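Fold the stuff below for me.
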Amino acid sequence: MDIKILGSGCAKCKTLEKLTREVVEENGIDATITKVEDIMEIMKSGVMATPALVVDGKVLIKGRVPSADEIKQVLTK
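Predicted coordinates for the structure are as follows:
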């Protein structure tokens, strides 16, 4: 599983990255997590509001910080 956290480095973006890493680790999910801060790369994904969670090329959550439970649901379905 390829997970990307899209965000410029703001507090919300850092929170999403931290929560995602915790969920992946706690649930033994085999995933590569990448933080994308380049605004041009973020825009290529069609994301205008950060932070965003992208899994295997699909934007699943954008513009807000989800709960750890919501992240787990998205990553385990």
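
SS state for residue 34?
Classification of residue 34 by DSSP: H, G, I helix; E, B strand; the rest coil places it in strand.

from here on, count from 207
In the new numbering, first residue 207, that becomes residue 240.

how about the nearest residue to the residue nearest to the spatial centre of the chain, chain neighbours excluded?
For the chain, the residue nearest the mean C-alpha position is residue 259 (2.7 Å; Cα atoms, centre = their mean). Take residue 259 and drop its neighbours on the chain: the residue closest to it by Cβ to Cβ, 6 or more residues apart in numbering is residue 267, 4.3 Å away. Quick note: C-beta positions are derived from backbone N, CA and C, even for glycine.

What segments of the protein are strands?
Here the chain has its strands, by DSSP state E, at 208-212, 238-242, 258-261, 264-268.

just to revisit the earlier point, shouldn't the residue nearest to residue 259 be in contact with residue 281?
No - in this structure residue 267 lies outside contact range of residue 281 using Cβ atoms under 8 Å: 10.7 Å.

Relative to the whole chain's centre, how far out is the helix or strand of the chain with the lowest mean pLDDT?
Lowest by mean pLDDT, DSSP states H and E among the helices and strands of the chain is helix 245-250, with a mean of 92. Helix 245-250 has its C-alpha centroid displaced from the chain centroid by 14 Å (Cα atoms, centre = their mean, to the nearest Å).
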